[in-house]
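> I need the structure of the sequence given here:
(chains A and B)
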Amino acid sequence: MTALPTRHDEAFRYADIAALEAAWPVATRTIVVASGDTAAHSLVVADGAVHDIAIILGAGAQASFHVLNAARGYGRVAMRVTLAAGAQFHLGVAQIAGGDQTVEIVSEVVHAEPDTISRQVVRQVLAGNATGNYLGRVVVDRGAIGTDGEQSIRAMLLDRTATANARPELEIYADDVKCAHGCAIGELDAGALFYLASRGIPPAAAKALMLQAFLAEAFVGAEDEDQLTAAALAALEAIV
Amino acid sequence: MTGQSHGTQPDMTLLSITDLTNEIAGKPILQGLSLSIGAGEIHAIMGPNGAGKSTLAYTLGGRPGYVATGGSATLDGADLLAMAPHERAAAGLFLGFQYPVEIPGVSMVQFLREALNSQRKSRGEAPLSGGAFLKLAREQAALLKLDAEMLKRPVNVGFSGGEKKRAEMVQMGILDPKLAILDETDSGLDIDALKIVGEGINAIMRKPDKAVLLITHYQRLLDYVKPDYVHVLAGGRIVRSGGPELALELEEQGYEALVA
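Next up is the predicted model:
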């Protein structure tokens, strides 16, 4: 990819093209997990950073990838994951944005062979005029029977002016597969906030407690769960 | 009024409600409710469905949408209605929920420590250390015969109806309020749990400087937590007050006979 994409390109439909231009062109980083190997990666997206990542899992390989995207200005992670027979992939993403920030994750997970598992957990907290995007496609190739793919996508809007775009997609060319996606965009539960307040917790702390719990779901099982959670909390404090 | 043997001095009034009115979605609910609760007293409010019992609890607790349109309510002399919900808690009010809220991802321990230390901070007290808090939490859980391991679980998530109500009482024990308003704490409890909860309320709140307002439909909780006064709430105001025998009378005759 060398020409700067436009919003007519599906994968860039909600992108901040002006910010993208500053980082363009982007080299693809390839991660290969050999057959039977296990790998754990995490990425904290820097301000204005644009990542393009290819992850190739050999037969029976297992990989997890955890992303904290709270980049100021613009932050984008695009990834294409390919799973060979019996491979397992877990993606956990937390995106936190306020002001005029745009943060986005674009994933394509290709179940190329039988008996593969993919799990994607994306949690977004958006305030101000921020935009948070998830475009996620799960492809099950012909013959990839026994595929189990799951996308759990949730966004919390702290202000009515914030925007979440969530587009989980399935492309299935095989029989006997299990693919599920759940997608929800909402606001903090007023009943729970009152319950916390009724016990003496001030509104800002009550919000932070609930958002912290919400975001924590993205980092469950990460090797550096504590560091990612602490960094997410710091980002959260900046927007609540 | 009978049952005044537990009567207190007028200057020991803990909760004073005068002519309280409010509306929910344009419909008047509380219509001039007055009630005074002295330190050391336990009062029960009974009444038919839709009388405004839960509305009273929520209005005193400051739930959004439950705003007083007239009258006053003071806790230990402080204007309750002027305070935000978390400030009311710090001032010594505890609201026991009829339906305790589940909060996934936040552990009971984390929640209660944050709550207690928020209250202490607003009262100018030093925060309780992790160790001291856990000791307190274990003691209070034991009092309610609740497995202390449950405090590590997310707030009310996966708790049975009875466990939720016992956990409410553990919270009350930890937060140590001046006044507890318990909204149908007896609902969803089997006989054994009812006894445990009743004994818990007595152990935590039956003290000269504290008071309880029990909101209930039934006499059965009152077998364990003996009220000093019983009030009947109907049509948004207290229509009758008496001693513990009033609850028995209600149980026998029903609300209709007494309210009419």
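> contacts, neighbours, all on C-alpha from now
OK.
> what's the distance between A:Arg154 and chain B?
From A:Arg154 across to chain B, the span is 14 Å (C-alpha to the nearest C-alpha, to the nearest Å).
> so what's that residue up against?
Listed by C-alpha atoms under 8 Å, 6 or more residues apart in numbering or on different chains, the contact partners of A:Arg154 are A:Val122, A:Arg123, A:Gln124, A:Gly182, A:Cys183, A:Ala184, A:Ile185, A:Gly186.
> surely the second one touches A:Phe214?
Yes - with contact defined as C-alpha atoms under 8 Å, A:Arg123 counts as touching A:Phe214 (7.2 Å).
> can you pull the buried residues of the strand or helix carrying B:Val239?
With elements taken from DSSP states H and E, the one containing B:Val239 is strand B:237-242. Along strand B:237-242, these residues count as buried under the neighbour rule (16 or more other C-alpha atoms under 10 Å in any protein chain shown): B:Arg237, B:Ile238, B:Ser241, B:Gly242.
> and A:Ala238, what helix or strand is that in?
When elements are defined using DSSP H and E, A:Ala238 is found to belong to helix A:225-239.
> that helix: how far from the chain's middle?
The chain centroid and the centroid of helix A:225-239 are separated by 15 Å, computed with C-alpha atoms, centre = their mean, to the nearest Å.
> SS state for the closest residue to chain B within chain A?
Evaluated by C-alpha to the nearest C-alpha, chain A has A:Gly200 as its residue closest to chain B, separated by 4.0 Å. At A:Gly200, secondary structure determined by DSSP: H, G, I helix; E, B strand; the rest coil is coil.
> please name the nearest non-neighbouring residue to it.
For A:Gly200, the nearest residue in space outside its immediate sequence neighbours is B:His86; the separation is 4.0 Å by C-alpha to C-alpha, 6 or more residues apart in numbering or on different chains.
> repeat for B:Glu41
The shortest distance from B:Glu41 to any non-neighbouring residue, by C-alpha to C-alpha, 6+ apart, is to B:Ala211 (5.1 Å).
> all strands of the chain, in order?
Picking chain A for this. In chain A, strands defined by DSSP state E lie at A:28-33, A:38-44, A:50-57, A:62-69, A:74-83, A:88-97, A:102-111, A:117-126, A:131-140, A:148-157, A:163-172, A:178-186, listed in chain order.
> not what I meant, chain B
Under the criterion DSSP E, chain B carries strands at the ranges B:13-24, B:27-38, B:42-46, B:68-75, B:78-79, B:93-96, B:103-107, B:154-155, B:179-183, B:211-215, B:229-234, B:237-242.
> among the ones you listed, where is the model least confident on average?
Comparing mean pLDDT across those, the weakest is strand B:103-107, with a mean of 92.
> buried residues in that one?
Residues of strand B:103-107 classed as buried by neighbour count (16+ other C-alpha under 10 Å): B:Ile103, B:Gly105, B:Val106, B:Ser107.
> residues of chain A that sit close to chain B?
Counting by C-alpha under 8 Å from any C-alpha of the partner chain, chain A comes close to chain B at A:191-192, A:194-203, A:209-210, A:213-214, A:216-217.
> from B:Asp209, how far off is the residue of chain A closest to chain B?
Taking C-alpha to C-alpha, to the nearest Å as the measure, A:Gly200 and B:Asp209 are separated by 20 Å.
> residue ranges with poor pLDDT in the stretch 151-260 of chain B?
B:260 (pLDDT under 70).
> just want the residue of it that's nearest chain A.
Per C-alpha to the nearest C-alpha, B:Leu175 is where the stretch 151-260 of chain B lies closest to chain A, at 7.9 Å.
> residues contacting that residue?
Shown here is B:Leu175, whose contacts under the criterion C-alpha under 8 Å, 6+ apart are A:Arg199, B:Ala115, B:Leu116.
> again, 7 Å this time
Taking C-alpha atoms under 7 Å, 6 or more residues apart in numbering or on different chains as the contact definition, B:Leu175 lies against B:Leu116.
> same check, this time on B:Ala167
When the contact criterion is C-alpha under 7 Å, 6+ apart, B:Ala167 has no partners at all.
> hmm, back to that, make TSV from the contacts of A:Arg154 and add pLDDT and distance to A:Leu170 to it.
What follows is the contacts of A:Arg154, written out as TSV (pLDDT from 0 to 100; distance: C-alpha to C-alpha, whole Å):
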residue	pLDDT	distance to A:Leu170
A:Val122	98	16
A:Arg123	97	19
A:Gln124	97	21
A:Gly182	90	12
A:Cys183	90	13
A:Ala184	92	17
A:Ile185	92	19
A:Gly186	92	23
